[in-house]
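Student: below: sequence and its predicted model.
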Amino acid sequence: MRVYFESYGCTQNLGEGHALERGAAEAGHAVVHDPAQADVAVLVSCGVIAATEARMARRWRALSAQVPHVVLTGCLVPLRSSALTGPGLERTHLLPIRDQPRLPELLDRLGPAPSAAGASVPEPPALAAEVILAQGCTSGCAYCFSRLARGPLSSVPAPGVLAGVRSAVARGAREVRLSALDTAAWGERTDRTASGSPTSCGPSRGSKGSSRCGSG
């Protein structure tokens, strides 16, 4: 399948969108950068306020009118998917945030991957890359929509974070953004290992140049 990606919202959403692109390419699907060339459009949505939710609904309608299939993920799924109305709904596939690693399976069900010669690899970020620290949040802020969309806190163990950082550096990133709804809560509700916190962000052994990490 030829797959087009659009991501909106916070750094975590952008990082998840990049991860979805890489997963689709590694599964043999072609990542395209023009929706007119796509069999499937993947929309990583944001729904932090009503105006943003309305904007996402408009963008979904535009994509569903142009692309045979739309995969909707991000904060609109599943809590506010009722905001989607229109003739494209029967060709829209909802992918909850925590099910995003299953995107290649969904694409395989929609159609075969192109040959290896026809598959494209997404362009890596020129300077920066996002690494996800955790899903969800420990707080109960009444005004916050994202905590409901992402659920309770689940931290990525330290080895997984370090692997993500090293992978980003290997792809050419010189800035790594450690992202979560609440970066200060990282490490809670996970199986901690003897490695503890990821105190060294790179560069990985054998890489050239230097890298830096930031959280947000």
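Tutor: Done, it's in.

Student: report the buried residues of stretch 149-166.
Tutor: Neighbour-count burial for stretch 149-166 flags 149-150, 153, 155-156, 158, 160-162, 164-166 (criterion: 16 or more other CB atoms under 10 Å). Any C-beta I mention is one placed from the backbone N, CA and C, and that applies to glycine too.

Student: from the chain's centroid, how far away is it?
Tutor: 13 Å (CA atoms, centre = their mean, to the nearest Å).

Student: how long is that stretch end to end?
Tutor: 29 Å (CA to CA, to the nearest Å).

Student: for that stretch, the averaged confidence score.
Tutor: Summarised as a single mean, pLDDT over stretch 149-166 is 92.

Student: repeat for stretch 177-190
Tutor: Per-residue pLDDT values over stretch 177-190 give a mean of 86.

Student: and it, how far from the chain's centre?
Tutor: On CA atoms, centre = their mean, the centre of stretch 177-190 falls 16 Å from that of its chain.

Student: buried ones in it, by neighbour count?
Tutor: 177-181, 185-187.

Student: using CSV, list the CA coordinates for that stretch.
Tutor: Provided in CSV are the C-alpha atoms of stretch 177-190 (Å, rounded to 0.1, in the frame of the first residue of the first chain):
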residue,chain,number,x,y,z
ARG,A,177,13.4,15.1,22.4
LEU,A,178,12.2,12.9,25.3
SER,A,179,8.5,13.2,25.2
ALA,A,180,5.5,12.3,27.4
LEU,A,181,2.4,14.0,28.9
ASP,A,182,4.4,14.4,32.1
THR,A,183,8.1,13.7,31.7
ALA,A,184,8.6,14.1,35.5
ALA,A,185,6.5,11.0,36.1
TRP,A,186,8.7,8.8,33.9
GLY,A,187,9.8,5.6,35.8
GLU,A,188,6.6,5.2,37.7
ARG,A,189,4.4,2.1,36.9
THR,A,190,7.0,0.2,35.0
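
Student: ok, residues contacting it?
Tutor: 10-12, 15, 128-139, 146-147, 150, 152-158, 161, 165, 197, 213-216 (CB atoms under 8 Å, 6 or more residues apart in numbering).

Student: how about 6 Å then?
Tutor: The contact list for stretch 177-190 (CB atoms under 6 Å, 6 or more residues apart in numbering) reads 11-12, 15, 130-134, 137-138, 146, 153, 155, 157, 214-215.
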